[in-house]
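Trainee: Pasted the sequence and its predicted model underneath.
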Amino acid sequence: MKRVASYFALLVLTACSSNRATFVKSDDDFIFVKAGSHSSWQSIAQDYMGNAQWASVLKRYNPDIDITSGSVIAVPQKNFYPSAVFSNGYQLITILCYHQFTQDHNDISKMVVSAKEFSQQMNFLADNDYQVINLQQLFEFLQGQRELPEKSVVITVDDGYRSYLDVAYPILKKHQFSSTLFVYPEFVGAGLALDWDEIRKLKLDPLVNIQSHSKTHDSLQPDPKGETGQHYQRRLHSEVVETDDIFEKRIGRRSSFFAYPYGNTSPQLIELLQANHYQLAFTVKKGGNANFASPYLLNRTMIYGGDSLERFSRNLKHYEYQNLK
């Protein structure tokens, strides 16, 4: 009976190995695998790169190959394209920027996106093979340390309205999409805002990233009506460094990413962010971001209430085609 059971187990293992990709050989640059009868780009990416979302990266290294049983596929073990620049153009990463959400489909405020609209937009991303990445992955891409899937997108939400938790968060969780919430302490606990307890609970979710949006949400450009350099530096210190202290006290860590209120910045502010461990900072200028984009002047595309799905899709530019030969 034991011999029969062992033989049956061997048959099952053999069948499984013939269905999935199997290891052939490896070197310092690639792992070579042979596709099984049920192999796909997604399954090989899952098995050998850790996540099915890297399927488009896998295709990049195996051009003009259709996966069939017996096909040999090269799986990269390092980043051969640190600049994400290719002979026909370069990759772009779109960063989406939201503010408020509502369950009321009749709310026509420009800054408020309805649950129906947001759900349709997230469904569009999922149905069209967009991969939602987090800001740490974006940072590593901009440093040339990481390749990203072909259609990568970042989701950010500004200010810290409770509608993020009530409306957007359940939709994001449904899709297992990561998002970054940029909050400013003077708003936390106000009538329509999240409180610190809610923010701490959100922080426990690895898909949620809490980051700084300044202390007061005032414009951080020099006051056009007149402001001494000394006063301006003190104001910036309050908005950046004091906010960090508040974050450390309230949620147990400082910020690494900064969203400029109204998208306004200055050379002095960028210098202060650089001196205080900030890795990236974000404007609200529309457009995608190439690997060679300035890490402290990254574009974000505002998404407004009432935007059609067609308009939303036009914002998702993931490649700039140019003849670079």
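Mentor: Received it, and whenever you're ready, just let me know what you need. Numbers count the residues shown, from 1 in each chain.

Trainee: Give the next helix or strand downstream of the stretch of helix or strand E198 belongs to.
Mentor: Assigned by DSSP states H and E, E198 belongs to helix 196-203. Downstream of helix 196-203, the first helix or strand assigned by DSSP H and E is strand 208-212.

Trainee: next one: the helix or strand that that next one is followed by to chain centre, how far?
Mentor: Using DSSP H and E, the next helix or strand after strand 208-212 towards the C-terminus is helix 229-237. Centroid displacement of helix 229-237 relative to its chain, using C-alpha atoms, centre = their mean, to the nearest Å, is 32 Å.

Trainee: cool, and stretch 59-73?
Mentor: 28 Å.

Trainee: Just the terminal-to-terminal distance for it.
Mentor: 9 Å (C-alpha to C-alpha, to the nearest Å).

Trainee: List of residues touching that stretch?
Mentor: If you take C-beta atoms under 8 Å, 6 or more residues apart in numbering as the criterion, stretch 59-73 is touched by 18, 21, 24, 30, 32-37, 39-41, 44, 58, 74-76, 80-81, 147, 150. Using the backbone N, CA and C atoms, a C-beta is placed for each residue, glycine as well.

Trainee: Return the set of buried residues in that stretch.
Mentor: By neighbour count on 16 or more other C-beta atoms under 10 Å, the buried set for stretch 59-73 is 59-62, 67, 71, 73.

Trainee: Now do the strands for the stretch 101-250 of the chain: every range, in order, please.
Mentor: Secondary structure of the stretch 101-250 of the chain (DSSP state E, counting those that start in this stretch): strands at 112-114, 131-132, 152-159, 179-183, 208-212.

Trainee: Which strands or helices does the first one pack on?
Mentor: In this case it means strand 112-114. Secondary-structure packing of strand 112-114 (3 or more C-beta pairs under 8 Å, 6 or more residues apart in numbering; DSSP states H and E): strand 100-102.

Trainee: And for the last one?
Mentor: Applying 3+ C-beta pairs under 8 Å, 6+ apart, one finds that strand 208-212 makes contact with strand 179-183, helix 196-203, helix 243-251, strand 257-259.

Trainee: Buried deepest among these, which one?
Mentor: strand 257-259 (a mean of 27; mean count of other C-beta atoms under 10 Å).

Trainee: ok, residues contacting that one?
Mentor: Taking C-beta under 8 Å, 6+ apart as the rule, strand 257-259 contacts 135, 156, 158, 180, 182, 209, 211-214, 240, 273, 278-282, 300.

Trainee: hmm, back to that, can you tell me which of the contacts of stretch 59-73 are buried?
Mentor: The buried subset of those - by 16+ other C-beta under 10 Å - is 21, 30, 33-36, 39, 41, 44, 58, 74-76, 81, 147, 150.

Trainee: And the pLDDT at the spatially closest residue to T22 that is not a sequence neighbour?
Mentor: Spatial nearest neighbour of T22, excluding adjacent residues (C-beta to C-beta, 6 or more residues apart in numbering): K34 at 5.2 Å. Looking at K34, its pLDDT stands at 90.

Trainee: separation between K34 and Q77?
Mentor: As defined by C-beta to C-beta, to the nearest Å, K34 lies at a distance of 17 Å from Q77.

Trainee: swap in S26?
Mentor: Taking C-beta to C-beta, one finds S26 at 8 Å from Q77.

Trainee: what's the answer for A126, then?
Mentor: Where Q77 is concerned, A126 sits at a distance of 29 Å (C-beta to C-beta).

Trainee: Which two among the buried ones among the contacts of stretch 59-73 are spaced furthest apart?
Mentor: G36 and Y81 (27.9 Å; C-beta to C-beta).

Trainee: Neighbours of N291, how many?
Mentor: Residues lying near N291 (other C-beta atoms under 10 Å) number 19.

Trainee: same deal with the one 5 residues further on?
Mentor: For Y296, the neighbour count with other C-beta under 10 Å is 20.

Trainee: and the protein, what are its domains?
Mentor: Annotated domains of the chain cover 2-76, 89-321 [automatic domain parsing].
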